[in-house]
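Asker: Provided below for reference: sequence and predicted model.
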Amino acid sequence: MSTNSQGETFRFALDVQRFKALGITDPKSREAHDAYDHHEFSSAERLFFKLWGSDLLNSGLFNPGQKIAQRGEHPVFAHVIISGEVVATTEKGSHLFGPGSVFGLAEGLIDGVYQWDAVAKTVVTTKVIPVDRALREVRRLNAGLKGICRFTTMRILDLSSPPETLS
């Protein structure tokens, strides 16, 4: 677990300082590609790196205090946090999410709703994933990859049985 400058603990965040220390400030730069080829990155870091540099996904920008998701809403877009901090609040408390966190995808894939409100704590940039497109793509996956998506979604949302949308 990592903390922000106020000492708050992130529920999930990649160590983006590591990228900065390697000179990676632009995922399409020569330095970035050299670092990607010559350093040991975790699978989460490699996925983040690819999403960060993707031209296939639009970017989102949210100002501090701006609501990104509302409890009870059906997600139309999922978000991968590229930079900044998001606070997700439920009746049980709140969680801080940072770079590499994804929200709205699991809920969108099961045609569910957000169980929490998400608000930008700082300026937040995201990569935006249209949920309808993601669901179409998941449905076309081979059985093994679809199973991984089903299992991951069940784990994230604490489901006891597979959702119909991912059968």
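Answerer: Everything's here; your move.
Asker: isn't Gly104 right next to Pro130, touching?
Answerer: No: with contact defined as C-beta atoms under 8 Å, Gly104 does not reach Pro130; the gap is 10.5 Å. No exception for glycine: its C-beta is placed from N, CA and C like everyone else's.
Asker: Quick check, central residue of this structure?
Answerer: By C-alpha atoms, centre = their mean, the chain has its centre lying nearest to Val102, at 1.6 Å.
Asker: joint contacts of Gly104 and Pro130?
Answerer: Jointly contacting Gly104 and Pro130 under the rule C-beta atoms under 8 Å, 6 or more residues apart in numbering are Phe77.
Asker: Average pLDDT for the helix ranked longest in the chain, rounded please.
Answerer: As assigned by DSSP state H, the longest helix anywhere in the chain is helix 143-157. Computed over helix 143-157, the mean pLDDT rounds to 91.
Asker: List the buried residues in it.
Answerer: Neighbour counts over helix 143-157 (16 or more other C-beta atoms under 10 Å) mark 149-150, 153-154 as buried.
Asker: now swap in stretch 70-85 and tell me
Answerer: Across stretch 70-85, burial judged by 16+ other C-beta under 10 Å covers 75, 77-82, 84-85.
Asker: same check, this time on stretch 18-28
Answerer: Applying a neighbour-count criterion of 16+ other C-beta under 10 Å, one finds 19, 22, 24, 27 buried in stretch 18-28.
Asker: hey, C-alpha coordinates of stretch 129-137 in PDB?
Answerer: C-alpha atoms of stretch 129-137 as PDB (Å, rounded to 0.1, in the frame of the first residue of the first chain):
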ATOM      1  CA  ILE A 129     -13.700   2.800 -21.600                       C
ATOM      2  CA  PRO A 130     -17.200   2.700 -23.100                       C
ATOM      3  CA  VAL A 131     -19.000   0.000 -21.200                       C
ATOM      4  CA  ASP A 132     -21.100  -1.200 -24.100                       C
ATOM      5  CA  ARG A 133     -18.000  -1.600 -26.300                       C
ATOM      6  CA  ALA A 134     -16.200  -3.500 -23.500                       C
ATOM      7  CA  LEU A 135     -19.100  -5.900 -23.000                       C
ATOM      8  CA  ARG A 136     -19.200  -6.600 -26.800                       C
ATOM      9  CA  GLU A 137     -15.500  -7.300 -26.700                       C
END
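Asker: Go ahead and name everything in contact with that stretch.
Answerer: Applying C-beta under 8 Å, 6+ apart, the external contacts of stretch 129-137 come out as 57, 75-80, 104-105, 108-109, 165.
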